[in-house]
Structure formats: C-alpha cells, structure tokens
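A.B. asks: pasting the sequence and the predicted model now:
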Amino acid sequence: MAVYTDINEQDLTAFLAQYDAGELLSYKGIAEGVENSNFLLHTSKAPLILTLYEKRVEKSDLPFFLGLMHHLSEGGLNCPLPLPRKDGALLGELSGRPAALISFLEGMWLRKPEAQHCREVGAALARMHVAGEGFELTRPNALSLEGWQTLWVKSQDRADEVEPGLEAEIGAELDFLAAHWPKNLPSGVIHADLFPDNVFFLGDRLSGLIDFYFACNDLLVYDLSICLNSWCFEKDGAYNITKGKAMIEGYLSVRPLSGDEIEALPILCRGSALRFFLTRLYDWLMTPEGALVVKKDPLEYLKKLRFHRAVTNASEYGLIS
Ligand SMILES: Nc1ncnc2c1ncn2[C@@H]1O[C@H](COP(=O)(O)OP(=O)(O)OP(=O)(O)O)[C@@H](O)[C@H]1O
Ligand SMILES: N[C@@H](CCO)C(=O)O
C-alpha cells in the first residue's frame, strides 16, 4: 500500500479550491508505491494525481522534483506535469503534509517487459538526459558513495541475519567502489529509479515516465546502469543479454556514449546494484512487523551485484564495439 496519510473530503475540497482544477467528483487511494501517499482524483475537468509527500522526502527537495517535471515536460518528455495553484505555487499542504496535484498519465506498467520495451526505455532515458539540460536547480545524489556508507553503518551489525558472511562481503564492496568510482564522466539530471513500475506503456508503446522523487545530478551513464539492473534480469536471476543489448541500442539511438562511459559500465552496475541492495536491506531490517508495506527483497540485488563483479568487459552487457 501507499496511503500513509489519510485525507477527508472536506479538507480535500478546501485544498482543491486553491487550484483551477474543477469540482471534486471522486477520489481514492492508490495502493502501489512505497514512498509517498497517492490518490487518484476525478474532477469536473480532468483526472489528477494527488501526492502527499511522506517523511523520507525532504521538503526542501520538492522544488527540485516539481520544477524538474515541469522542465522535462516543456522539453517534450512525457511525464506528469505539476499543476500550479491559483497563486502560482506548485506545492500546497493537506492533512499536515506537503502536497501537490499532478497530471494523470495514461498507461500501465509492464509486469513482463520484453526486449522491445527495453529498447524504448533506453531511448526514453536518453531523451530525459537530453531534456534535463538547462534545468537550473541542482540536487546531489543522496544515495551515492557517501549515502551508501551511511545506510550501511545502520544495517551492518545485522547484515549476517540476512545471509551469513554479508557483513564482510558488503564492507569490501564499499571499499572497492570508493577506491574505483569514476569521476570525470558526463553528468546531468538523472531519474535514478527508472524501474518498470515507473514507466507506463499503452500497448507496446511507451507512454511516459513517472516518479521523479529520487532524481538528482549524477553521472548520466549511472542511470543506464540502474535500468540494466532493473529491466534486464530474469526472475531466476539470469542477465538477459538480448534485453541489455536492446536497452543500450535504444539509449545510443538518442545519445552517444563515450569510450570512458562504456568502460565504466561494469563498476557503475555494481554501484547501482549495491544502492538498491542497501536501501532494501535497511527497510528489511527496520520496517516493523505488521507495517502495511510490501518489503522488497534485498537478496535479488545481492545476486545482481555478484553477477556484475564477475563482468570484465562492458560487451558482456550486450554492447557491440
Ligand atoms: N502521474 C501519474 N499518472 C497516473 N498514475 C500515477 C501517476 N503518478 C503516480 N501514479 C500511480 O501511483 C502509483 C505510485 O506512484 P509512485 O511510483 O510515484 O509512488 P511512490 O510511492 O513514490 O513509489 P515508489 O515506490 O516507486 O518510489 C503508480 O504505480 C501509479 O499507479
Ligand atoms: N525501486 C526501488 C524502490 C523505490 O525506490 C526498489 O525496487 O528497491
């Protein structure tokens, strides 16, 4: 579920009156997602998404996220557009939470993406990277080397509960990544969480990208490594090189990758696998029993991390040199 904060009709009506959004016809909570509370509203004008930002989202980051959606949308990317209030602000407050109204995007996410979908995602990711150019706000990636270390300090004592030997293995991985992480690659605004549940399709055509709440400035090709991790492995843990090749080709059809970016792919894939392993491990250990959130399996990303550790050349991801 992802309705942490409940709303009542009276407050919602008062909230909507601050917008030129029409009369409220209906609203309901959306079960999917884990970070924020989302509601689908129907008004006399249009369907809308109402998002209440929960405690893991820093309020000071919201102008970056909302401004970015606006910037990308102006740049021709299909993504939700935040609605301005009558006073021009993109952010309001509801039930004690920062809240925004955003446009509803048609489509649904794919439970079983195929190579052709991966190709479209690669191209859309590169389009986002290009469209992000010129966005004036910046936000450092809170979930890169330093952030991983912080998360790890909070979980490491209990890591062996999840799998014996994990404490030593992850400690060594963090040291390796800190010593070898690339520095001088092209950077810009990245999505940083472009998993299948954040990409909508209508039939086989990609209809839009959602959930920009991890977006930040970082190495562009790191974003591609996140997509290779989240789209190109099968349920049994095997890397699907056909999907990887399609995704990389899709990306290259819009934005070229330099030799240095390509060479860095294996280490970036290690880093992004570790990033999702660590956030999942933290949630796995810290979420109280009985909480109404489906915890995601950290071991899925541990397996991916181990796969990348054995990769010696980016061609193993499907790149043709
Ligand atoms: N603009 C939109 N148009 C249509 N549906 C949307 C939109 N934004 C969100 N949704 C719906 O709400 C769900 C949750 O949204 P989102 O992924 O942004 O939430 P989250 O709590 O930030 O999740 P996550 O766990 O992915 O970080 C989506 O799966 C989708 O069904
Ligand atoms: N996409 C993340 C969760 C939300 O950011 C994961 O699957 O671990």
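C.D. replies: On my side now, so go ahead. Ligands and ions are numbered 1, 2, ... in the order given.
A.B. asks: quick check: Phe176 vs ligand 2, distance?
C.D. replies: According to CB to the nearest ligand atom, to the nearest Å, Phe176 and ligand 2 sit 22 Å apart. Placement of C-beta: from N, CA and C, glycine included.
A.B. asks: for that residue, list the residues it contacts.
C.D. replies: Contacts for Phe176 (CB atoms under 8 Å, 6 or more residues apart in numbering) come out as Arg270.
A.B. asks: how many neighbours does the nearest residue to Pro84 once chain neighbours are set aside have?
C.D. replies: The shortest distance from Pro84 to any non-neighbouring residue, by CB to CB, 6 or more residues apart in numbering, is to Leu90 (5.8 Å). Leu90: 19 surrounding residues under other CB atoms under 10 Å.
A.B. asks: tell me who's in contact with Leu90.
C.D. replies: Counting by CB under 8 Å, 6+ apart, the residues that Leu90 touches are Pro63, Leu66, Gly67, His70, Pro82, Leu83, Pro84, Ala100.
A.B. asks: wait, is it part of a helix?
C.D. replies: No - with DSSP: H, G, I helix; E, B strand; the rest coil as the criterion, Leu90 is assigned coil and is not in a helix.
A.B. asks: identify the residues contacting stretch 226-244?
C.D. replies: Applying CB under 8 Å, 6+ apart, the set of residues contacting stretch 226-244 is 113-115, 117-118, 121-122, 125, 191-196, 247-248, 265, 269, 272-273, 275-276, 300-301, 303-304, 307, 316-318.
A.B. asks: how about 6 Å then?
C.D. replies: 113, 115, 118, 121, 125, 194-195, 269, 272-273, 303-304, 307, 317-318 (CB atoms under 6 Å, 6 or more residues apart in numbering).
A.B. asks: ok, stretch 28-43 next?
C.D. replies: With CB under 6 Å, 6+ apart as the criterion, stretch 28-43 contacts 1-5, 21-22, 24-27, 48, 50-54, 56, 293.
A.B. asks: apply 8 Å and report the result again.
C.D. replies: Contacts of stretch 28-43 (CB under 8 Å, 6+ apart): 1-5, 7, 12, 16, 21-27, 47-54, 56-57, 97, 101, 104, 197, 211, 213, 293-294, 296.
A.B. asks: and what of stretch 182-190?
C.D. replies: With CB under 8 Å, 6+ apart, stretch 182-190 has contacts from 68, 128-129, 132-133, 135, 141, 215-223, 258, 260-261, 264, 267-268.
A.B. asks: show me the contacts for Leu91.
C.D. replies: Leu62, Pro63, Leu66, Pro98, Ala99, Ala100.
A.B. asks: any idea how far ligand 1 is from it?
C.D. replies: 16 Å.
A.B. asks: swap in Leu72?
C.D. replies: In terms of CB to the nearest ligand atom, Leu72 sits 13 Å off from ligand 1.
A.B. asks: picking up where we left off before, closest to ligand 2 among the contacts of stretch 226-244?
C.D. replies: Proximity of the contacts of stretch 226-244 to ligand 2 (CB to the nearest ligand atom) peaks at Phe195, which lies at 4.3 Å.
A.B. asks: with Ala31 as the reference, measure out to that closest one.
C.D. replies: 17 Å (CB to CB, to the nearest Å).
A.B. asks: what does Glu146 give?
C.D. replies: 33 Å.
A.B. asks: please apply the same query to Phe233.
C.D. replies: 25 Å.
A.B. asks: for His191, same thing?
C.D. replies: Distance from His191 to Ala31, counting by CB to CB: 23 Å.
A.B. asks: which one's more surrounded, the two?
C.D. replies: When His191 and Ala31 are compared for neighbours, His191 comes out ahead with 27 against 11, by other CB under 10 Å.
A.B. asks: contacting residues for that one?
C.D. replies: Leu125, Met128, Asn198, Leu209, Phe212, Phe214, Ala215, Asp223, Ile226 are the contacts of His191 under CB under 8 Å, 6+ apart.
A.B. asks: of all those residues, which comes closest to ligand 2?
C.D. replies: Using CB to the nearest ligand atom, those come closest to ligand 2 at Phe214, 6.1 Å.
A.B. asks: burial measure for that closest one, as a count.
C.D. replies: By other CB under 10 Å, the residues close to Phe214 number 22.
A.B. asks: what sits against it?
C.D. replies: Leu143, His191, Ala192, Asp193.
A.B. asks: which two among those residues are spaced furthest apart?
C.D. replies: Leu143 and His191 (12.6 Å; CB to CB).
A.B. asks: if we can go back for a sec, which ones among the contacts of stretch 28-43 map onto helices?
C.D. replies: Cross-referencing the contacts of stretch 28-43 against helices under DSSP state H gives Leu12, Leu16.
A.B. asks: show me how to select, in ChimeraX, the buried members of the contacts of stretch 28-43.
C.D. replies: Only the buried entries of those go into this ChimeraX selection, using 16 or more other CB atoms under 10 Å:
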select :2,3,4,5,7,12,16,21,24,27,48,49,50,51,52,53,57,97,101,197,211,213
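A.B. asks: no further questions, thank you.
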